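**Student:** Provide a 3D model corresponding to the input given below.
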Amino acid sequence: MVRQIKYYEIKLHLEEMIRQGEIAVGAKLPPEPELIQRYQVSRGTLRQALKELEQDGLISRHSGRGTTVVRKPGAKEAKEGKVVSLTRQIEAAGMQSSTRVLGQRRMMASEAGEWVCRALGLSPELAATKPVYYIDRLRCGDNRPLARQTLYLLAEQFALDLESQDFTQSIFDLYKRHNRYVAWADEEIYVRLAEPDEVKLFEIRSAAPLRRLVYVRERVSYDQYNQVLEVMRAVDRSDFFQRYHYRILEGYSRQDASEGKP
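**Tutor:** Predicted coordinates for the structure are as follows:
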């Protein structure tokens, strides 16, 4: 009985430290030996406390990477599926979803540009040696072009040779095969006039020139281990995507869903 009380005390103490910001969201907990010494308990007792914190969705544990705080107590946990796939958005609008691959290849991260390298946390020196997969896709509803998505994935995180993958299918299914999913994302959106090639690609010549608007979304998505999973730049036609819905959690701007209105 003492063992149960002790692990629960540790759990409550760590929970309170996270709540008060003494251990920030995104920071790592001290290593297990340090915590064992601090609380004067066995490894089993400590791990029981950490297990319950993980079950509550406050921390994420991964061998070799340590234990990371992913949210504060009382904040709604970002679970799989909160970042809604475009396929689901299109189908929710009563349209048949389809995808055309405009390009896919393996390249060095340095070729992808400064924003992508910064999002992946790569220095200029590392970017010149780290390969990424570049995937350029046109997303359609009832064969009507709706969005162009350009994805960058760090090659070393995927066991498969992605150059041979069929990217007309759901990218989320690919992540699941690697036991990963998009847990949360940081995204910035701005609006601008469509460029001439976008007017042609999206077939929006009929609109008045000053109404040929697109939304540009730059998103960095993180997996359940708080690691960058994908970096995406999307160009969305404004006559389909009329509003975006966000949920703000613990200082992060995390996308809950974006809604398309045909």
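**Student:** show me what counts as buried in whatever helix or strand residue 235 lives in.
**Tutor:** Per DSSP states H and E, residue 235 falls inside strand 228-237. The neighbour-count check on strand 228-237 (16 or more other CB atoms under 10 Å) flags 228, 229, 230, 231, 232, 233, 234, 235, 236, 237 as buried. For the C-beta atoms, the positions are set from N, CA and C on the backbone; glycine is no exception.
**Student:** ok, the residues you listed vs residue 165, which is closest?
**Tutor:** Set against residue 165, the nearest of the buried residues of strand 228-237 by CB to CB is residue 230 (13.9 Å).
**Student:** where exactly do the strands run in the stretch 1-150 of the chain?
**Tutor:** 59-62, 66-69, 97-108, 131-141, 144-154 (DSSP state E, counting those that start in this stretch).
**Student:** circling back to that earlier point, and which of the buried residues of strand 228-237 is nearest residue 159?
**Tutor:** residue 229 (14.5 Å).
**Student:** for stretch 106-124, buried residues please.
**Tutor:** So, applying 16+ other CB under 10 Å, buried residues of stretch 106-124: 109, 110, 112, 116, 117, 119, 120, 122.
**Student:** could you export it as PDB, CA atoms only?
**Tutor:** Taking Å, rounded to 0.1, in the frame of the first residue of the first chain, the C-alpha atoms of stretch 106-124 are listed here in PDB:
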ATOM      1  CA  ARG A 106      14.200  13.000 -52.900                       C
ATOM      2  CA  MET A 107      16.400  16.100 -52.400                       C
ATOM      3  CA  MET A 108      18.700  17.600 -49.900                       C
ATOM      4  CA  ALA A 109      17.000  19.700 -47.300                       C
ATOM      5  CA  SER A 110      19.000  22.700 -48.400                       C
ATOM      6  CA  GLU A 111      17.300  22.600 -51.800                       C
ATOM      7  CA  ALA A 112      13.900  22.900 -50.100                       C
ATOM      8  CA  GLY A 113      14.600  26.400 -48.800                       C
ATOM      9  CA  GLU A 114      15.300  28.300 -45.600                       C
ATOM     10  CA  TRP A 115      11.700  28.000 -44.200                       C
ATOM     11  CA  VAL A 116      11.700  24.200 -44.500                       C
ATOM     12  CA  CYS A 117      15.200  23.800 -43.000                       C
ATOM     13  CA  ARG A 118      14.200  26.000 -40.100                       C
ATOM     14  CA  ALA A 119      11.000  24.100 -39.500                       C
ATOM     15  CA  LEU A 120      12.900  20.800 -39.500                       C
ATOM     16  CA  GLY A 121      15.500  22.300 -37.000                       C
ATOM     17  CA  LEU A 122      18.400  21.900 -39.400                       C
ATOM     18  CA  SER A 123      21.400  24.200 -39.500                       C
ATOM     19  CA  PRO A 124      22.700  25.100 -42.900                       C
END
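**Student:** thank you kindly, that will do.
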